[in-house]
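What follows is a protein structure lacking sequence information:
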């Protein structure tokens, strides 16, 4: 074997060994009351009046920037941010809890 092929085999072996050494059981989503309470608090803020205030402020700041720069893009970005604030948690919950049939 040539020297280049030996180096490729050695690199591949090191990658396999590193992968086997670093592989651990994924249990982040199965436990943790601390994370559950933090998640509940954050989703409560975003889906409640705090999220609505943030969405309206994003839109109005976009309108202000549009008036200053004479461009229509900032209010559209504000509307996009407002949409993500309003529906982002629902979308993330749907993706995170989806099951494959």
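Now that the structure is in, tell me what you want to look at. The model shown is predicted, which means the values in this text are computed figures rather than measured ones. Numbering: from 1, shown residues only.

Kindly list the main-chain dihedrals of residue 48?
phi -90, psi -150 (degrees, to the nearest 10).

Which pLDDT does the model give it?
On pLDDT, residue 48 comes in at 86.

ok, it - how many residues close by?
Residue 48 has 10 neighbours, counted by other CB atoms under 10 Å. Just so you know, the C-beta spots here come from the backbone N, C-alpha and C atoms, and that holds for glycine as well.

Then residue 19?
Neighbours around residue 19, by other CB under 10 Å: 9.

For it, give me the pLDDT.
78.

One more: residue 89?
Residue 89 is given a pLDDT of 85.

Please apply the same query to residue 25.
55.

likewise residue 67?
Value listed for residue 67 in the pLDDT field: 87.

Next: the one 3 residues further on.
According to the predicted model, the pLDDT of residue 70 comes to 85.

Also residue 41?
Residue 41 is given a pLDDT of 87.

do residue 98 as well
pLDDT for residue 98: 70.

So what's the residue count around residue 67?
Neighbours of residue 67 (other CB under 10 Å): 11.

Report the contact partners of it.
Applying CB atoms under 8 Å, 6 or more residues apart in numbering to residue 67 gives no contacts.

From residue 74, how far off is it?
9 Å (CB to CB, to the nearest Å).

Check residue 21 too.
Plainly put, residue 21 is 49 Å away from residue 74 if you go by CB to CB.

For those two, work out which one has more neighbours and name it.
A direct count of neighbours by other CB under 10 Å for residue 21 and residue 74 places residue 74 higher, at 19 against 8.

Let me know the helix or strand that the more buried one is in.
If you go by DSSP states H and E, residue 74 is part of helix 73-96.

other SSEs contacting that helix?
Counting contacts by 3 or more CB pairs under 8 Å, 6 or more residues apart in numbering; DSSP states H and E, helix 73-96 packs against helix 33-47, helix 49-69.
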